[in-house]
Each structure stands twice: as C-alpha cells, then as structure tokens.
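Asks: Could you look at this predicted model? Sequence included:
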Amino acid sequence: MKRISLTRYLVEQQRLAGHIPPELRLMLEVVARACKRISQAVNKGALGDVMGSANSENVQGEMQKKLDIIANEVLIEANEWGGHLAAMASEEMEGIYVVPNRYPQGEYLLMFDPLDGSSNIDVNVSIGTIFSVLVKPEGVGVSEQDFLQAGARQVAAGYCVYGPQTTLVLTVGDGVVVFTLDREQGSFVLTEEHLRVPEDPKEFAINMSNQRHWAAPVQQYINECLQGKDGPRGKDFNMRWVGSMVADVHRILTRGGVFMYPWDKREPEKAGKLRLLYEANPMSWLIEQAGGVSTNGQQRIMDIVPTKLHERVSVFMGSKNEVDRVTRYHSEA
Ligand code: AHG
Ligand code: MN
Ligand code: MN
C-alpha cells in the first residue's frame, strides 16, 4: 500500500472512481484539518487549559466540558466559509447552524459529535470526533427538516480517534480507509484500506453496570456470552468498555466484536443513549462498509427515518453473526 496523504488519496479516488465530487473532497479535507486542530488541543491537555467542565449544559441536559465547546467551535469555524455546506448540526447545538449569508452556500449538510467520550477527557483516555455528510434536498433555503434523512442517504461518514495515535477512519461508500496523523509532516497518511470486521469474534462491549435495566433479549445474549465454554455458545468471551464510542467501535472495526448501547428501563421513553444522526448513523455505515451489521434490535439503523435532530436510538453494531444473533433474540421475544 502506498503511504499517500489524505488529500492525494481523495484526488486519486476522484480520478479513478469518479464518485467523490470535488466539493465533497474539499469538505472532507476541511473536516480533517479541523480534527488535526482538535487533536492538538487534546494533546496539550492541562497545558492548554482545555480540561474540566465548562459549567454549562447542552441541549440534551449533559454537562459540557471545555473541550466539547472548543471542538464544536473549531469544526464550525473551519467549515462555515468554504462554500461546500448549506448548514451544520451538532450534539452541542440545539438547532441547526446555517452558513451565514456572508459566505457562499453549498449543497452539503454536515453533522457531528465534536467530542465523543467526554467523560474520558480528564482521565487521558481515547476520545474522538464523529461526522456524517448528507446532500441538502432541492429547494430554497435550509431547515432542520432537511437533516431528517435516513442514514442510508449519507454520502460520507467517518471519525477521528485521539488516542495513542490520531487516526481518521473514513467511508464514501467504497469501503473503509484509515489514515494516521503524521505529526512531523502535519498530514493524515493512508495506513489501511479495505477494512473488514471479522465475522466470529469473542468480544463484546456494553456498559455492564446497567445489566439489571436491560430488556430480556439483551439479558439473554449477554448471559450466554458470560457462560462461556460451559454455555450454549461453547466459547469464552472477553469484554471491553472504554466508554468512548469512537474507541470501542474502532477496536471492533479492527479486531471484531459487538458494540451495544441498548434501550433500558431507567428512561423508558428514550430509545437509547446514543444519537442517531451524528453517532449511530456514521458508525453504522462504517461498520456496514467493513462487512459488519448495525441494528437497533428491530431494524437496520440506516433505514430509520429520523423525526428530530437529536433523536436517540438503541445500538447493536459489529461482527455480522453476533449482531444477527442479538437482533434475532429481539424478534423471538
Ligand atoms: P458523548 O461524550 O458524545 O456524550 O458520548 C458518550 C457516549 C459514547 O461515546 C459512549 O459509548 C457512551 O456515551 C458511554 O456511556 P456510559 O457513560 O454509560 O459508559
Ligand atoms: Mn458521543
Ligand atoms: Mn460528544
């Protein structure tokens, strides 16, 4: 594999396959540049006054960390003037952010979770940025309604993990590619192509402390894993839970497994904890593009037509056989 930069990779893809319009390519480069800046802020840590709480709440009633706000601003400032976007939506903003009149308007809609895994910032554990791109439907102006499209309509999706390495993982519908940030060069360099999620892994990721609140099909699936060699699965399982979706899903994309954040009884009116538009959809597309499966227990996540910007969803994603199994337990319940 050639160690080429993200820019060169996108240009070559555009030439070879012709399925990355130039505006989309330029926008992805801007998103990558913003991620580089966020990565720098993350790395500075206590030296950059980026740790700790901002003493404010976001629209979901969650306490904002300073880095949540910084990352959100970096993404907006980097993207608003480029001419590729009509509007943006973020976990940290209640409504959509329409590109101001003083800048040219484009045809794309960008959604992001600027900083995923906020609770890990202050303990120096991997965090990340998740993003998803849609095309604005025809018509004058742009509204929140324009964002309410099924994940199957995404034209690009990806995430950046700020961990021991900073890696950018991307799909434009032609497989999954991984770039690693070369800090000396200041550029993302292609380090993996054609990512595939192994089909029969022995690892699951779920917040076990919520066990007593889960629905029966999730209880059944996890109980069987826990019985290991002595149970119906006939093999031992391992468990990992970083608590940052980006890091947990990155591990699963790399070595297989299943990631779950199911509905639970604590807040029965909420479909789940994770957000459909800027967490579940982009991650689902990456998983599917790598040969995995992603459902909400009932249906493919990317087929859900959202009814609101910050809609939540139950999530089961990862290796095909495992996600098929836990989804089957739901239909049998
Ligand atoms: P965010 O930091 O963007 O609010 O997302 C946190 C999410 C997700 O990254 C992770 O999988 C999950 O919350 C962790 O939840 P628990 O606190 O229940 O472990
Ligand atoms: Mn998140
Ligand atoms: Mn977040």
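Replies: Looks like it arrived, so ask away. Ligands and ions are numbered 1, 2, ... in the order given.
Asks: from the chain's centre, how far out does stretch 38-45 sit?
Replies: 19 Å (Cα atoms, centre = their mean, to the nearest Å).
Asks: For the stretch 1-150 of the chain, what lies in contact range of ligand 3?
Replies: With Cβ under 5 Å from the ion as the criterion, the stretch 1-150 of the chain meets ligand 3 at residues 91, 113, 115, 116. From N, CA and C alone the C-beta is placed, and that goes for glycine too.
Asks: what about stretch 305-317, near ligand 1?
Replies: No. Contact of stretch 305-317 with ligand 1 (Cβ under 6 Å from any ligand atom) is absent, the minimum separation being 8.6 Å.
Asks: and the host helix or strand of residue 282, what other elements does it pack with?
Replies: Using DSSP states H and E, residue 282 sits in helix 281-289. Applying 3 or more Cβ pairs under 8 Å, 6 or more residues apart in numbering; DSSP states H and E, we find helix 281-289 packed against strand 127-135, strand 156-162, strand 166-171, helix 245-255, strand 293-295, strand 315-318.
Asks: Now do the contacts for the residue of the stretch 51-200 of the chain found nearest ligand 2.
Replies: Nearest residue of the stretch 51-200 of the chain to ligand 2, counting by Cβ to the ion: residue 116, 3.5 Å away. Contacts of residue 116 were listed using Cβ atoms under 8 Å, 6 or more residues apart in numbering, and they are 127, 128, 129, 130, 159, 244, 245, 246, 279.
Asks: and what of residue 326?
Replies: Residue 326 makes contacts with 217, 218, 221, 258, 260, 297, 316, as judged by Cβ under 8 Å, 6+ apart.
Asks: how about the helix or strand encompassing it: buried residues?
Replies: Following DSSP H and E, one finds residue 326 within helix 320-332. Across helix 320-332, burial judged by 16 or more other Cβ atoms under 10 Å covers 320, 322, 323, 325, 326, 327, 329, 330.
Asks: pLDDT for the residues you listed - can I get that in CSV?
Replies: Below are those laid out as CSV (pLDDT from 0 to 100):
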residue, pLDDT
320, 97
322, 97
323, 98
325, 98
326, 98
327, 98
329, 98
330, 97
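Asks: thinking again about what came up before, put the alpha carbons of the helix holding residue 326 into CSV.
Replies: C-alpha atoms of helix 320-332 as CSV (Å, rounded to 0.1, in the frame of the first residue of the first chain):
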residue,chain,number,x,y,z
LYS,A,320,-22.3,-9.9,11.4
ASN,A,321,-23.0,-13.2,13.2
GLU,A,322,-23.2,-11.6,16.6
VAL,A,323,-25.4,-8.7,15.6
ASP,A,324,-27.6,-11.0,13.7
ARG,A,325,-27.9,-13.2,16.8
VAL,A,326,-28.9,-10.4,19.2
THR,A,327,-31.3,-9.0,16.7
ARG,A,328,-32.9,-12.4,16.3
TYR,A,329,-33.3,-12.7,20.1
HIS,A,330,-35.4,-9.4,19.8
SER,A,331,-37.6,-10.8,17.1
GLU,A,332,-38.2,-14.1,19.1
